[in-house]
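In: Below is the structure, and that's it, no one-letter string:
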């Protein structure tokens, strides 16, 4: 198990101490082949990891860390359906959702058949809606989708829909709603027409407060114009709780399955991705799955050090556990990927924000980092100041499609130039000696440099490239969890606040105060109740 008493952990710590004075620019000068050697390609993506504070010795230590934690074996366990989610006693089979049926593991044929049947239903539903054959109660074709979910059933499909906007076809619009804050759903409903609107309710358990409340609000809105007998024409559910969906008026033939072996943050590959198939076409959704499957195959087959997810995972551990980095920034230089950092934030922080080991012990080492980020070049005018001159160590990923979906070459040339300039400036910095004017501000204009980063490039932001990119980060997170000896597939940390929220809601609604409500919270509730009277 990792930690201060582990000999390999100590070897990495000693190595980091020896490298504390090493500068990246010196590593490049000492090895003219470094840029070429520290590159990886997989599933249409190219990773340049040469601007990292590593040497061949570092990579050898990484290799030993992978071997000590039997990473290839752990990968096989996940893909072949073993109960890697040990706390909930479930497999984690999100990779099966994007594997072609003919290539699925032999021991998962039943699950693969269920996935194939679900995809066929998705294709049929999407085709019927796109062609206008699926109509509302008055015979008009559906032209507005309102997708209700939260967490992975919201962040994932919304991010994909935005990222693949050039592939959207037809005149069907989709609004994604998650928050219990009614300002969102109120605005969406005000810009929708009941007769041509279809509500998709995505909830594995059908017990999630936010989704149930938004679903009831949307159904009440439908009923203002849609006869009760025809409501089912305007409802689809994606769930593992068919009875729960039926109680909301969803017809059995309009319920698509989810399985307990698919976590919410991996659910975009499932029927939760139905709105993508509707607005962008099923072929686009299938291509997204194929791109992810290509990365899955690379992850399963590529040895170290040619395995891209493993490389990203080890670099992250290197910085978070041995260099003191507490956060990781994802910086996509493409406006369409502006929601990617939020999706990866949930993927990483909900998966690896854990403090108990597989042995049930408290960790004595750091696990998941804070994940954040934003699109370039906007971020350069917001938070890059801290990256260049701040006191915090932040690990970085730059993400850059090389070919745009527009013909404005000058714009894209500047976008690419800025992305590459940022990674170079972070590495090189600016010394005091280089600042030969304005002596009074020299110390303020000094930039230390030596700040590492990865750069991930690909030709074009296609469905295949996006699928591979998302899967890359999923597998990175899994590898880190295996090395940290934690379970990346549960999320017990989200439960306590929900439970307390129920007692506070009861108190707001007039019930006696629960003894567990502290004086500060009681005072805030009372302040709210006083204001609500007005």
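Out: The structure has been received and is ready for your questions. All values derive from a computational prediction rather than experimental measurement.
In: ranges for the strands of this structure?
Out: 39-42, 45-48, 144-148, 173-177, 197-202, 235-239, 255-257, 327-332, 370-373, 394-403, 454-460 (DSSP state E).
In: Format those as JSON lines; extra columns: mean neighbour count.
Out: For the C-beta atoms, the positions are set from N, CA and C on the backbone; glycine is no exception. Listed next are the strands of the chain as JSON lines, based on neighbours: other C-beta atoms under 10 Å:
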{"stretch": "strand 39-42", "mean neighbour count": "16"}
{"stretch": "strand 45-48", "mean neighbour count": "20"}
{"stretch": "strand 144-148", "mean neighbour count": "24"}
{"stretch": "strand 173-177", "mean neighbour count": "20"}
{"stretch": "strand 197-202", "mean neighbour count": "27"}
{"stretch": "strand 235-239", "mean neighbour count": "26"}
{"stretch": "strand 255-257", "mean neighbour count": "20"}
{"stretch": "strand 327-332", "mean neighbour count": "24"}
{"stretch": "strand 370-373", "mean neighbour count": "20"}
{"stretch": "strand 394-403", "mean neighbour count": "21"}
{"stretch": "strand 454-460", "mean neighbour count": "18"}
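In: Looking at those strands, spot the one closest to residue 154.
Out: strand 173-177 (5.8 Å; C-beta to C-beta).
In: what are the pairing partners of the closest one, and which direction each?
Out: Strand pairing for strand 173-177, using DSSP bridges, gives strand 144-148 (parallel).
In: Just the angle for the partner strand relative to strand 197-202, thanks.
Out: For strand 144-148 against strand 197-202, the angle by axes from the mean of the first three to the mean of the last three C-alpha atoms, to 10 degrees is 20 degrees.
In: Would you confirm that residue 429 contacts residue 448?
Out: Yes: counting by C-beta atoms under 8 Å, residue 429 does reach residue 448; the two are 5.1 Å apart.
In: Pick out whichever of the two has more residues nearby.
Out: Counted by other C-beta atoms under 10 Å, residue 429 and residue 448 do not tie: residue 429 has more neighbours, with 19 against 12.
In: Now that one. Nearest residue, chain neighbours left out?
Out: In this structure, residue 429 finds its nearest non-sequential neighbour in residue 449, 2.0 Å apart by C-beta to C-beta, 6 or more residues apart in numbering.
In: quick one: contacts for that neighbour?
Out: 23-25, 425-430 (C-beta atoms under 8 Å, 6 or more residues apart in numbering).
In: Now stretch 214-231: buried residues?
Out: 214-215, 217-219, 221-222, 226, 231 (16 or more other C-beta atoms under 10 Å).
In: contacts for that stretch?
Out: 136-137, 146, 148, 177-178, 180, 182, 185, 189, 194-195, 197, 199, 201, 203, 233-235, 248-249.
In: follow-up on the earlier one: go through the contacts of residue 449 and flag which are in helices.
Out: 24-25, 425-428 (DSSP state H).
In: Would you mind giving those as CSV with neighbour count, pLDDT and distance to residue 419 added?
Out: Shown next, in CSV, are those (neighbours: other C-beta atoms under 10 Å; pLDDT from 0 to 100; distance: C-beta to C-beta, whole Å):
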residue, neighbour count, pLDDT, distance to residue 419
24, 22, 98, 18
25, 14, 97, 19
425, 16, 98, 11
426, 23, 98, 11
427, 21, 98, 13
428, 18, 97, 15
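In: closest to residue 161 among the residues you listed?
Out: Nearest member of those to residue 161, counting by C-beta to C-beta, is residue 426, at 31.7 Å.
In: nearest residue to that closest one other than its sequence neighbours?
Out: residue 451 (4.1 Å).
In: The strands of the chain: which one's closest to residue 532?
Out: Using C-beta to C-beta, the nearest of the strands of the chain to residue 532 is strand 173-177, at 23.9 Å.
In: I'd like to know the average pLDDT value across that closest one.
Out: Averaged over strand 173-177, pLDDT sits at 98.
In: which residues are in contact with it?
Out: By C-beta under 8 Å, 6+ apart, strand 173-177 touches 143-149, 154, 157-158, 161, 184-185, 188, 191-192, 214, 275, 278-279.
In: and the residue nearest to residue 357 when sequence neighbours are not counted, what does it touch?
Out: Once flanking residues are discounted, residue 357 sits nearest to residue 485: 4.5 Å by C-beta to C-beta, 6+ apart. Contacts for residue 485 (C-beta under 8 Å, 6+ apart) come out as 1-2, 357-359.
In: Could you dump these into JSON lines with distance to residue 17 and neighbour count added?
Out: Below are the contacts of residue 485 laid out as JSON lines (distance: C-beta to C-beta, whole Å; neighbours: other C-beta atoms under 10 Å):
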{"residue": "1", "distance to residue 17": "22", "neighbour count": "17"}
{"residue": "2", "distance to residue 17": "17", "neighbour count": "21"}
{"residue": "357", "distance to residue 17": "26", "neighbour count": "19"}
{"residue": "358", "distance to residue 17": "29", "neighbour count": "15"}
{"residue": "359", "distance to residue 17": "29", "neighbour count": "7"}
